[in-house]
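Participant: give me the fold of what follows.
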Amino acid sequence: MVGTKTKIGIAVLVLLFLGIMYSLLVNQEGVDQTYLLPSGYEGCVVINYNVKGAPPLKIENNIITYKVPPNGIINTSSPSDFGWVNEKHSGAYQLRAFYVDEKGEILEELPQEKIRFGAIGASQEVGKAEKHYYYQIFGSEEVENRGCPDLIYRN
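Facilitator: Model (predicted):
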């Protein structure tokens, strides 16, 4: 028969284990995101996820770097929760954006007030698979107010 001290010891170990696991999940550091925009780019950047044949996203030095083409559309085979800490929270730590030249060399960093609204979305046409995307707006308040419907529904 197991004694009371043994039961208390087991309970303490279980609680300690659960506490450590909870702490690891809650305190996970998020992945930074960096956008490399064509020089002077303003408007929406749309990231389409789960696109067959498209290159996957990569995390290097805890950063996902998005190299934005002139049309503002990035297709990736990665899932829409790529880089997320858990199911409910991306854990994104820092979002930065830079203008780059044709060679990809950084020209300047966008000020934080030019990094506007961003959101996750999904859409589905009858008989087709659900499409998951994220969009991020860069530019002035006027640009933000226009939104992104033509890019989101273009492809």
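Participant: least trustworthy helix or strand in this protein by mean pLDDT?
Facilitator: Sorted by mean pLDDT, DSSP states H and E, the helices and strands of the chain end with helix 4-26, the least confident at a mean of 48.
Participant: domains of the protein?
Facilitator: For the chain, automatic domain parsing gives the domain ranges 1-30, 32-152.
Participant: can you list these in JSON lines and add mean neighbour count?
Facilitator: For every residue, glycine as well, the C-beta is placed using N, CA and C. As requested, the domains of the chain are exported to JSON lines (neighbours: other CB atoms under 10 Å):
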{"stretch": "domain 1-30", "mean neighbour count": "10"}
{"stretch": "domain 32-152", "mean neighbour count": "15"}
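Participant: which one of those has the lowest average pLDDT?
Facilitator: Ranked by mean pLDDT, the domains of the chain end with domain 1-30 at the bottom, a mean of 51.
Participant: make sure Phe98 is indeed in a strand.
Facilitator: Yes. With DSSP: H, G, I helix; E, B strand; the rest coil as the criterion, Phe98 is part of a strand.
Participant: what sits against Ser78?
Facilitator: Listed by CB atoms under 8 Å, 6 or more residues apart in numbering, the contact partners of Ser78 are 49-50, 56-57.
Participant: that one and Glu105: what is the separation?
Facilitator: In this view, Ser78 and Glu105 are 26 Å apart by CB to CB, to the nearest Å.
Participant: and if you look at Arg116?
Facilitator: According to CB to CB, Arg116 stands 25 Å off from Glu105.
Participant: many thanks, we can stop here.
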